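**Student:** can't give you the sequence, but here's the structure:
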């Protein structure tokens, strides 16, 4: 029987991709509307721009805290339990959260406590579903197709993360409850697709046998592997500092004065850049100078963020955000490929949980940082300072981790290849 020559020829991977894309679209459409409703409720209650920005900071913190606490255990669960079952249960939990928001918005009874509670619920669900889904992808395709599968998985995640807010903003402009109704439908579709994923091979955990020891083993691997550590932490600090998305409601209402329709345009601009970049890589995978190109992409991301922060022109803001999305997708593609290919399968769940935690720290906790900084120095200064900090991070990481400057290909080191071969031999009948 001829082996498939593309991941999309594999039924399990198609179901996985549909589930991840639908779920991520729903997540980020909801998160944008949660931020918009939070900011508007705060402003309409009499709070100023700075104080209302502080409410956006709180939303970010409430999403991050449960994820931060649970991520190590979520990674262990992804290595010990059926990754499909974890994904299905957490998608169902998010479906419940979307239904709650739909009901309160439909009844015109939305309050800040309801938004805070659902933000925490989403944080819990994402803490578990992220590592499970990331670790599941390499189980669905032959190793020869893994770089393409990672690129396509990145498309699903990154497209959902950036297109979702754009859709949420447009739907909200039509009817406030509509984005939540769409999210309910998308979560239902994601759940159905997750149930369509058939049985996958499971790799036995090596090393420590006690759960806490296994968690420590995963963390120890991340620290010891300089490639994995450097790529994860570069993304953590750069996006943490330069995350401007939390302040989109402030720019849409009070700086650019473009309303909810303009809010969706701000969210869609990076989506277009990210999606076009990811589609390019799905057909033309990167093969050379991957480390230096990742550093360059993060530097471009930082400069584009500064440009957006200073802009008072909607066209210039949209152009800057297009570049932000393209550069972010460029670096995400390289980072995810390096992390997955440089990690043995028996540790992928735990390493993915660390990676997912840093992504959430850079996004959700970054939202808290941006909102808090905006509360102190104003939204424009907050975005510009964050972009400058990300640019400094690139320089420092290039010096601290020479491996980022010298890595030319995605090829994993010999010890990872040997570990994979041992696990393959162990799983053969």
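**Tutor:** Yep, that arrived. This is a predicted model, so every value here is computed, not measured.

**Student:** for this structure, what's the longest helix?
**Tutor:** helix 11-44 (DSSP state H).

**Student:** avg pLDDT for that helix?
**Tutor:** Taken as a whole, helix 11-44 carries a mean pLDDT of 91.

**Student:** check which element follows that helix along the chain.
**Tutor:** Downstream of helix 11-44, the next assigned helix or strand under DSSP states H and E is helix 49-80.

**Student:** now that next one, how far from the centre of its chain.
**Tutor:** For helix 49-80, the separation from the chain centroid amounts to 13 Å (computed by C-alpha atoms, centre = their mean, to the nearest Å).

**Student:** got it, and stretch 38-46?
**Tutor:** 27 Å.

**Student:** picking up where we left off before, and the longest helix of the chain, what does it pack against?
**Tutor:** Helices and strands touching helix 11-44, by 3 or more C-beta pairs under 8 Å, 6 or more residues apart in numbering; DSSP states H and E, are helix 49-80, helix 83-106, helix 112-136, helix 146-174, helix 178-195, helix 248-250, helix 259-283. Just so you know, the C-beta spots here come from the backbone N, C-alpha and C atoms, and that holds for glycine as well.

**Student:** so can I have a markdown table of those helices showing mean neighbour count?
**Tutor:** Putting the helices and strands packed on helix 11-44 into a markdown table (neighbours: other C-beta atoms under 10 Å) gives the following:
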| stretch | mean neighbour count |
| --- | --- |
| helix 49-80 | 22 |
| helix 83-106 | 20 |
| helix 112-136 | 23 |
| helix 146-174 | 23 |
| helix 178-195 | 22 |
| helix 248-250 | 27 |
| helix 259-283 | 21 |
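
**Student:** make JSON lines from those helices and add distance to residue 32 and mean pLDDT to it.
**Tutor:** Below are these laid out as JSON lines (distance: least, C-beta to C-beta, whole Å; pLDDT from 0 to 100):
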{"stretch": "helix 49-80", "distance to residue 32": "11", "mean pLDDT": "78"}
{"stretch": "helix 83-106", "distance to residue 32": "12", "mean pLDDT": "94"}
{"stretch": "helix 112-136", "distance to residue 32": "12", "mean pLDDT": "86"}
{"stretch": "helix 146-174", "distance to residue 32": "4", "mean pLDDT": "78"}
{"stretch": "helix 178-195", "distance to residue 32": "8", "mean pLDDT": "96"}
{"stretch": "helix 248-250", "distance to residue 32": "7", "mean pLDDT": "90"}
{"stretch": "helix 259-283", "distance to residue 32": "6", "mean pLDDT": "82"}
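
**Student:** which ones are touching residue 35?
**Tutor:** 56, 59, 246, 248, 249 (C-beta atoms under 8 Å, 6 or more residues apart in numbering).

**Student:** now do the helix or strand residue 384 falls within: which elements does it pack against?
**Tutor:** Applying DSSP H and E as the criterion places residue 384 in helix 379-400. Applying 3+ C-beta pairs under 8 Å, 6+ apart, we find helix 379-400 packed against helix 226-242, helix 290-310, helix 366-377, helix 402-406.

**Student:** okay, buried residues for the first one please.
**Tutor:** For helix 226-242, a neighbour-count test (16 or more other C-beta atoms under 10 Å) marks 227-242 as buried.
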